[in-house]
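Enquirer: Need coordinates for the following:
(one chain, ligands or ions: 1)
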Amino acid sequence: MNLQKNILLKDYTTFKIGGPADYFVLAQNVTDLQEAVAFAKENNLPILALGGGSNLLVTDAGFRGLVIKLDLQKLDFAGSELTVGAGVLVAYLLNKSLEQGLTGLEFLAGIPGTVGGAIRGNAGTYGQAMSDVVTEITYLDENYELKTCQPNDCHFTYRHSIFKEIKAIIIEAKLKLAQGDISAARQLVADRLKYRQETQPNEPSAGCIFKNIEFKEVDIDDLKQRGLDIEQFAKHQKIPTSYLIEQAGLKGYSMGGVQVSQKHANYIINVDQATAEQVIMLISFIKQQVRDKYGIQLHEEVQFIS
Ligand SMILES: Cc1cc2nc3c(=O)[nH]c(=O)nc-3n(C[C@H](O)[C@H](O)[C@H](O)COP(=O)(O)OP(=O)(O)OC[C@H]3O[C@@H](n4cnc5c(N)ncnc54)[C@H](O)[C@@H]3O)c2cc1C
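Expert: Numbering: from 1, shown residues only. Predicted coordinates for the structure are as follows:
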């Protein structure tokens, strides 16, 4: 196990924000992972499982514990099924699956990060998510024992899984894909990447800061009376939070080194050596404005690490 100390986490997050981790290990196989976990147990250290760091806001003070960066890179295909390590980038997985003639992962186009992070947060787009393709997950449970679970036991909902409820480390997963029309799938991926390029910022960020709002969470008639054009979102039964932030007049709003993106109002971007504190202040300002104007409580999609 290659244990390092005082590693700056801003170098491991897409936000480019975050202070030092006391301890840091790159786990390249399950033995590395188990040794790291044993070390944390012996020294009574909290553990942070780190994937691509694309959904994290790490505080400026950093993390007083052991960061385990999952670098488990297994990728084995068997017909239309595959086993993939938690550290594999979802972009790589998508490309390799298409090379194997397999479709079903096009919804991952443009999502950064790893398989482990994507399963934990049930990442997705266009109404599809990891829960649609996963058939089994292997993980270390709260007692750091090796376990497997099936999707029905994983509490998958919108941007949620059981791995947000328990302290577990995902090791690998089995996925079931389909032998589909590869050129159509490649075209879809290219179109979606182009659309993202046009509509999402390039500056450092952690993706969407807030979850979108499901129709069932809010009083639609009340929102219409407050002047919002909600009908346009009826098809997907979700109000994009970017729309609410924009309607609240906050697009482009900045605070120190952070800004609400001009391109997509649910992105906070790091424009000038931003600190986590500035992001947190901007998040609470946005929440307060949206609550005051529309009576809606926003919930963060980004994970806070302190
Ligand atoms: C530009 C941009 C666009 C994005 N677009 C989307 C999108 O369209 N849809 C979407 O859903 N998300 C999107 N995201 C958010 C993010 O990419 C996803 O949430 C992604 O799945 C996070 O994966 P990660 O490996 O980077 O996780 P990390 O950020 O490293 O970690 C996120 C959480 O998962 C935990 N975790 C990571 N690996 C493991 C593991 N092996 N076992 C247990 N816990 C683990 C971490 O402890 C942390 O709590 C976007 C982000 C960015 C920056």
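Enquirer: and the chain, which residues reach the ligand?
Expert: Within the chain, the positions near the ligand by Cβ under 6 Å from any ligand atom are 14, 48-56, 70, 86, 111-114, 116-118, 120-121, 123-125, 163, 169-170, 205-207, 303. C-beta coordinates here come from the backbone N, C-alpha and C atoms, glycine included.
Enquirer: Restricted to strands, list these.
Expert: Among these, the members falling in strands (DSSP state E) are L48, A49, L50, L56, L70, G124, T125, I169, I170, Q303.
Enquirer: Look up how far F285 lies from the residue located most distally from the centre of the chain.
Expert: With Cα atoms, centre = their mean as the measure, the chain has its most outlying C-alpha, relative to the mean C-alpha position, at Q225: 33.7 Å. Q225 is 25 Å from F285, where distance means Cβ to Cβ, to the nearest Å.
Enquirer: Kindly report the same for I68.
Expert: In this view, I68 and F285 are 34 Å apart by Cβ to Cβ.
Enquirer: So for these two, which residue has more residues nearby?
Expert: When neighbours are counted by other Cβ atoms under 10 Å, I68 and F285 differ, and I68 comes out ahead with 24 against 14.
Enquirer: What residue in the stretch 151-300 of the chain comes nearest to the ligand?
Expert: Nearest to the ligand in the stretch 151-300 of the chain, going by Cβ to the nearest ligand atom, is G207, at a distance of 2.4 Å.
Enquirer: Just give me the neighbour total for that residue.
Expert: Here the number of neighbours of G207 (other Cβ under 10 Å) works out to 21.
Enquirer: What residues does it make contact with?
Expert: Residues near G207 by Cβ atoms under 8 Å, 6 or more residues apart in numbering: T14, S54, N55, I111, P112, Y267, E301, V302.
Enquirer: Which parts of the stretch 151-300 of the chain are helices?
Expert: For the stretch 151-300 of the chain, the helices defined by DSSP state H, counting those that start in this stretch cover 182-199, 220-225, 241-247, 276-294.
Enquirer: how about the last one: buried residues?
Expert: Read it as helix 276-294. The neighbour-count check on helix 276-294 (16 or more other Cβ atoms under 10 Å) flags A276, Q278, V279, L282, I283, I286, K287, Q289, V290, K293, Y294 as buried.
Enquirer: Ok, stretch 267-277 next?
Expert: By 16+ other Cβ under 10 Å, the buried positions in stretch 267-277 come out as Y267, I268, I269, N270, A274, T275, A276.
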